[in-house]
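Peer 1: Just need the structure, nothing else, for what follows:
(one chain, ligands or ions: 1)
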Amino acid sequence: MSTSETVPFGDAPDLRVPTQKSFTRTSLGGRILFGEGALYDLAHELDNARFRRAMLIVSSNQVVLTQRSREALGGRMALEWNEVRQHVPVELADRCGASAANADIDVLVAIGGGSTIGLGKAVAVRSALPLVVVPTTYSGSEMTPIYGLTTGREKQTARDNAALPQIVLYDPMLLTTLPASIVGTSGLNALAHCAEAIWSSSADPITDSLALEGAYRLQRYLPAAYGSTDVSARGQVLVAACLAGTALGTVGTSLHHALCHLLGGMLDAPHAETHAILLPYVIRYLQPGIPDAIERLADAMGSRPDRLAHDVWSLAQAVGTPPGLRAVGIKEGQIEMVTAAALDKGIASPRSLTHEALQALLHAAWSGEAPHPG
Ligand code: NAD
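Peer 2: Residues are numbered from 1 along each chain as shown. Prediction:
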């Protein structure tokens with residue numbers, strides 16, 4: 001036999017086979033429909049599930065989407081809620097929940113970005129009503145049982161299966177109205193989900209596959225989705241966001257999300273932009289502590305471990321990420337407050353944290369400078 005017959009993929013086989021560590025996983029439930037025009041399958045889906053009286057949650061700043069959502073629901077709409085805010089203030093969830101309770105509805109339908117979905121999740125947890133979601137950004141929140149609430153200056157997240165939508169309809173046509181600046185940062189938010197899933201201590205081969213495929217699609221299609229309203233490119237990134245959310249929803253978050261939540265809760269930093277700015281610096285910091293995870297992520301994205309932080313930073317710049325935390329209203333003097341809060345909370349990190357290291361990470365993210373090669 002010639003060498004080409006015995007080695008079908010060309011290279012010599014790698015005989016160093018790592019042992020698979022044992023794992024336990026509980027897969028998350030839920031039905032997914034993906035397709036152009038899927039919004040108009042909503043009525044059929046609700047009827048099949050025997051839901052009759054829906055509360056529509058859609059943001060007041062989405063005029064066209066609101067109109068389309070009403071049409072898609074038709075006579076099943078019993079109540080409409082339009083007040084939506086990022087990071088879901090607890091008093092907003094209280095008021096929305098009280099409205100739902102008074103209206104004899106049997107399903108919540110949230111149509112919008114992560115903020116709208118987040119409000120739907122908070123109300124679903126309080127009311128035990130089923131939730132149906134049509135996402136219009138790349139937040140991936142629809143795939144996770146994680147929900148956040150903000151009280152004063154503190155954002156807290158919790159997991160509850162009641163927050164997990166029963167049905168998700170992905171309609172890439174709805175993403176064609178998303179402004180390029182949000183496409184870019186929301187796509188980076190999805191990449192952060194993939195990254196944290198890969199380096200999570202509870203990662204398993206299934207979450208790895210989802211997260212690595214998500215990262216591949218983001219690196220490949222996000223620039224095209226940012227550069228035009230092409231429905232195929234925007235749809236590919238939507239699939240990536242679904243994969244990213246599914247992976248993260250199973251394993252949970254660590255350093256990167258914890259820092260973003262602190263910045264969001266304490267300083268009202270905008271969610272997707274903060275993720276997009278911070279991710280390269282978190283990768284750079286964690287790299288020496290998690291070489292295997294970084295190597296696999298770099299491989300999936302066509303990068304190299306020592307260049308990954310820089311390449312993610314370049315991708316973020318190419319899709320319009322603001323140049324550092326300073327560009328989203330964070331003051332240099334506030335870095336110390338966030339560092340102290342992070343250490344005080346004892347946030348989980350795959351590489352141990354010191355005051356000095358965390359301050360350096362946040363300072364680099366604040367200035368927006370290119371991360372040094374590893
Ligand atoms: P967002 O929902 O606040 O949307 C950003 C802006 O884009 C808003 O003005 C919105 O009206 C607009 N928009 C949304 N879709 C649009 C469309 N198709 N066309 C035009 N404009 C559109 O932002 P986001 O980044 O999607 O969500 C952020 C929130 O989601 C945060 O509160 C965050 O904590 C939460 N989140 C939660 C999870 C989770 O798993 N629980 C995951 C990611 C994000």
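
Peer 1: quick one: the spatially closest residue to Ala348 that is not a sequence neighbour from the ligand, how far?
Peer 2: Spatial nearest neighbour of Ala348, chain neighbours left out: Ser254 (4.5 Å); criterion: CB to CB, 6 or more residues apart in numbering. All C-beta spots, glycine's among them, are computed from the backbone N, C-alpha and C. Distance from Ser254 to the ligand, counting by CB to the nearest ligand atom, to the nearest Å: 14 Å.

Peer 1: and Ser254, what is it in contact with?
Peer 2: 196, 199-200, 347-350 (CB atoms under 8 Å, 6 or more residues apart in numbering).

Peer 1: Likewise for Tyr138?
Peer 2: By CB under 8 Å, 6+ apart, the neighbours of Tyr138 are 183, 186-187, 189-190, 237-238, 240-241.

Peer 1: can I get the contacts of Ser254 in TSV with neighbour count, secondary structure and distance to the ligand?
Peer 2: Below are the contacts of Ser254 laid out as TSV (neighbours: other CB atoms under 10 Å; DSSP: H, G, I helix; E, B strand; the rest coil; distance: CB to the nearest ligand atom, whole Å):
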residue	neighbour count	secondary structure	distance to the ligand
Glu196	27	helix	11
Trp199	25	coil	17
Ser200	22	coil	14
Ile347	19	coil	16
Ala348	14	coil	16
Ser349	20	coil	19
Pro350	15	coil	20
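
Peer 1: Make TSV out of those and add pLDDT.
Peer 2: Shown next, in TSV, are the contacts of Ser254 (pLDDT from 0 to 100):
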residue	pLDDT
Glu196	98
Trp199	97
Ser200	95
Ile347	91
Ala348	90
Ser349	94
Pro350	94
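
Peer 1: Dump those residues into JSON lines; add distance to Asp41 as well.
Peer 2: Converted to JSON lines, the contacts of Ser254 look like this (distance: CB to CB, whole Å):
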{"residue": "Glu196", "distance to Asp41": "32"}
{"residue": "Trp199", "distance to Asp41": "36"}
{"residue": "Ser200", "distance to Asp41": "33"}
{"residue": "Ile347", "distance to Asp41": "41"}
{"residue": "Ala348", "distance to Asp41": "39"}
{"residue": "Ser349", "distance to Asp41": "42"}
{"residue": "Pro350", "distance to Asp41": "40"}
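
Peer 1: Now name the helix or strand holding Val134.
Peer 2: strand 131-135 (DSSP states H and E).

Peer 1: Past that strand, which element shows up next along the chain?
Peer 2: Per DSSP H and E, the first helix or strand lying C-terminal to strand 131-135 is strand 146-151.

Peer 1: tell me what that next one is packed against?
Peer 2: helix 90-101, helix 114-127, strand 154-159, helix 255-267 (3 or more CB pairs under 8 Å, 6 or more residues apart in numbering; DSSP states H and E).

Peer 1: Please, where are all the helices along the stretch 151-300 of the chain?
Peer 2: 180-198, 205-227, 231-251, 255-267, 271-286, 291-300 (DSSP state H, counting those that start in this stretch).

Peer 1: least reliable of the ones you listed going by mean pLDDT?
Peer 2: Mean pLDDT values for the helices of the stretch 151-300 of the chain show the minimum at helix 255-267, a mean of 94.

Peer 1: That one relative to strand 146-151, how many degrees between them?
Peer 2: 20 degrees (axes from the mean of the first three to the mean of the last three CA atoms, to 10 degrees).

Peer 1: How about residues contacting helix 255-267?
Peer 2: So helix 255-267 is in contact with 86-87, 148, 150, 153-157, 192, 195-196, 269-271, 274-275, 278-279, 282, 285-286, 325, 329-330, 334, 337-338, 341-342, 345, 347-351, 353, 362, going by CB under 8 Å, 6+ apart.

Peer 1: Report the buried members of these.
Peer 2: 86-87, 148, 150, 155, 157, 192, 195-196, 269-271, 274-275, 278-279, 282, 285-286, 325, 330, 334, 338, 341-342, 347, 349, 353, 362 (16 or more other CB atoms under 10 Å).

Peer 1: Below-threshold pLDDT in this protein: ranges please.
Peer 2: 1-9, 13 (pLDDT under 70).

Peer 1: swap the cut-off to 90 and go again
Peer 2: 1-21, 25-29, 87, 152-157, 252, 265, 372-374 (pLDDT under 90).

Peer 1: Up against the ligand, what does it have?
Peer 2: Residues of the chain lying near the ligand by CB under 6 Å from any ligand atom: 59, 61-62, 86-87, 112-116, 118, 136-137, 139-141, 144, 146-148, 174-175, 177-178, 182, 186, 189, 271-272.
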